[in-house]
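**Q** Predicted coordinates and the sequence they were generated for:
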Amino acid sequence: MRRFKRWPELEIYERLEPYYYSADFPPRWFKLENYTSIVNKSVAAWSEAVSARNFVKSTLADEGADDASWAMYFMSSFYLAQKTLFELNEEDLAAGGREAALVDMDAFSYAKHLSAYLQLAPDLPLDEILDYENGLSIIPPSDASQELLKQYAQVTNLPVWGMPADIRGKLFSQMGSLVPVYLDLAAPDELIAETAVEYAKSVREKLGISNQKQKVTVKDISKWIDQRLLAYIDLTLWFEAVGAKPPIHQIADLIFPEKLDVDTSEFIRKTVRKNAHLLMSASIGGALTAQAGTNDFADADG
């Protein structure tokens, strides 16, 4: 597993300052109120938050040298995972739901494309890549070298299918149970329904994927909020990356400072740790993705 190290040349990106290498406790980026203020129980928002953290986890498992490029990759993915907390801190306002069969995992998709851009354009300022959205062109500086101009062109004009095969594979191999399809809207509804089910069965068989039967409920999400699982996950990922291992009682005191009459260390050992692992598991991730993609929000009963 890779270890996050200090690279002074990366410490020029102000928005990433909280994510510069440090084994200090607590980390500079940690703000308890970001976790205690979570109120959003939308499956879509939680799907994005969990997916973003699984993406951070996957960066730690990447093979290759521990270099500045990978450190920037890790910092930016952690930054994007933290951004998902802002949506969770707002009440779900999606009154009309979302369009059926569309999965909205913006942070996850953005981080994956960002990782490809970092490989294709290692000399581009990270702030500019992070600001690159909706296909808008990035204007290179007037004194840019020919090599830098080439990198700007790659980032702003390169379609996904034009990426090198090894990078393109990374983008699509991490989408779990999602597969792209064309839908013939002119076909009869009965035929659409029949062929969709048959197609799903055939692809599941080829990929070894079972039909998702697990259901995420409001009760589940309320438990994740009360147990502050995202705080535990984020701290675990961070200290795993920097190679530090703070005592469990320090983690417990940081996450649950108000629980003076409870053995919070034991609570983390027996409950939080186990449920955090479950939240990051493929089964929960698949259930969140499936419900987020079919306009299916968490049921009130568990």
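**A** Perfect, I can see it now.

**Q** tell me the phi and psi of the residue lying closest to Glu90 once chain neighbours are set aside?
**A** Residue nearest to Glu90 in three dimensions, not counting chain neighbours: Asn40, with 5.9 Å by Cβ to Cβ, 6 or more residues apart in numbering. Bear in mind the C-beta positions are built from the backbone N, C-alpha and C, glycine included. Per-residue torsions, Asn40: phi -80, psi 120 (degrees, to the nearest 10).

**Q** Could you verify my assumption that Arg6 touches Tyr19?
**A** No. Taking Cβ atoms under 8 Å as the definition, Arg6 is not a contact partner of Tyr19, at 11.7 Å.

**Q** Show me which of the two is the more surrounded one.
**A** More crowded of Arg6 and Tyr19, by other Cβ atoms under 10 Å: Tyr19, with 24 against 12.

**Q** Please look at the more buried one and Phe78 and confirm they touch.
**A** Yes. With contact defined as Cβ under 8 Å, Tyr19 reaches Phe78; the gap is 5.3 Å.

**Q** so what sits against both of those two?
**A** Trp29 (Cβ atoms under 8 Å, 6 or more residues apart in numbering).

**Q** Below-threshold pLDDT in the stretch 201-302 of the chain: ranges please.
**A** 203, 206-214, 293-302 (pLDDT under 70).

**Q** where does the stretch 51-200 of the chain have low pLDDT?
**A** 63-66, 92-141, 152-184.

**Q** What segments of the stretch 1-150 of the chain are strands?
**A** Assigned strands in the stretch 1-150 of the chain: none (criterion: DSSP state E, counting those that start in this stretch).

**Q** so what's Trp7 up against?
**A** Contacts of Trp7 (Cβ under 8 Å, 6+ apart): Tyr21, Ala68, Ala71, Met72.

**Q** In helices, which of these appear?
**A** Those of those mapping onto helices are Ala68, Ala71, Met72, per DSSP state H.

**Q** Just the buried ones from those residues?
**A** Among the ones in helices among the contacts of Trp7, those buried by neighbour count (16 or more other Cβ atoms under 10 Å) are Ala71, Met72.

**Q** neighbours of Lys31, just the number please.
**A** The burial count for Lys31: 15, using other Cβ under 10 Å.

**Q** Thanks again, I'm all set now.
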